[in-house]
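> Fold the following, please.
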Amino acid sequence: MASAHDRAVLQTIFNPTSPFGDIPALNQEDDLTDDDSAFEPELVKQVKDLELQGVSAAESGDLHAALQLFNQAVMVLPQRASAYNNRAQTKRLQGDSKGAVEDLEKAISLSRGTGRTACQALVQRGLLLRLTGRDEEARVDFEKAAAMGSEFARQQAVILNPYAALCNRMLSQVIDKLRNPETSEMQ
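Here you go, the predicted model:
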């Protein structure tokens, strides 16, 4: 059984737009929904159940079972984005970053870049891009997710903005001079 900390980590992985300590009601992103109206309601229910089972399996540490459940969800409704997004997180946990990015791109494409799944997939792809040093591409993803209401993505976009980094560096120097006036006069 997973500890409370493990569940919090997994919640962050499967729902990265709600970072630790974040207050969900403050994020506009929480109001986003996915449009499932194009799918048969019974199939949507079946897929959602498979996804919940997959998340539970991942929370209990059984990534193999989680991957199988997400694969089943994809087979039942291959045009629904959410299962690709969740499967991507399982692949990432298994060390398959390339497969994770492929699934995230599929989720973004299927969602047409709108809704909760698109927002989550953009944040998750942005994080994977940052890990590989592709900061400019990551910044673009974070900016798109931020425009959808993700506070976490907004913070990441600011961090990756070169002008913001320069301003932060200058501000740090000014604050340092104000805190330590005697050392700045010596320089």
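
> if I look at Arg70, how far off is Glu182?
Slight slip there: residue 70 is Phe, not Arg. Distance, Phe70 to Glu182, by C-beta to C-beta, to the nearest Å: 60 Å. C-beta here means a position set from N, CA and C on the backbone, and glycine is covered the same way.

> Check Leu63 too.
Separation of Leu63 from Glu182 (C-beta to C-beta): 56 Å.

> So if I had to pick from the two, which one is more boxed in?
It is Leu63, of Leu63 and Glu182, that has more neighbours when counted by other C-beta atoms under 10 Å, with 17 against 6.

> what ranges do the helices span in this structure?
For the chain, applying DSSP state H gives helices covering 4-14, 41-59, 63-76, 81-93, 97-110, 115-131, 135-147, 151-160, 162-179, 181-186.

> Quick one: closest of these to Thr33.
Taking C-beta to C-beta, helix 115-131 is the member of the helices of the chain nearest to Thr33, at 5.9 Å.

> Just list what that closest one packs against, helices and strands only.
The criterion is 3 or more C-beta pairs under 8 Å, 6 or more residues apart in numbering; DSSP states H and E, and the helices and strands that helix 115-131 contacts are helix 81-93, helix 97-110, helix 135-147, helix 151-160.

> Would you mind putting those helices into TSV with mean neighbour count and distance to Val123 alongside?
Supplementary listing: the helices and strands packed on helix 115-131 in TSV, determined by neighbours: other C-beta atoms under 10 Å; distance: least, C-beta to C-beta, whole Å:
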stretch	mean neighbour count	distance to Val123
helix 81-93	25	10
helix 97-110	19	10
helix 135-147	20	5
helix 151-160	19	5
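
> Need these in JSON lines (columns: distance to Val47 and mean pLDDT).
JSON lines is the format used below for the helices and strands packed on helix 115-131 (distance: least, C-beta to C-beta, whole Å; pLDDT from 0 to 100):
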{"stretch": "helix 81-93", "distance to Val47": "6", "mean pLDDT": "95"}
{"stretch": "helix 97-110", "distance to Val47": "13", "mean pLDDT": "96"}
{"stretch": "helix 135-147", "distance to Val47": "23", "mean pLDDT": "93"}
{"stretch": "helix 151-160", "distance to Val47": "26", "mean pLDDT": "87"}
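
> Find the least confident helix or strand in the chain, judged by mean pLDDT.
The weakest-scoring helix or strand in the chain, judged by mean pLDDT, DSSP states H and E, is helix 4-14 (a mean of 58).

> For Thr132, see how far away the residue lying closest to Asp141 once chain neighbours are set aside is.
Leaving aside its sequence neighbours, Asp141 sits nearest to Gly126 (C-beta to C-beta, 6 or more residues apart in numbering; 3.6 Å). Separation of Gly126 from Thr132 (C-beta to C-beta): 11 Å.
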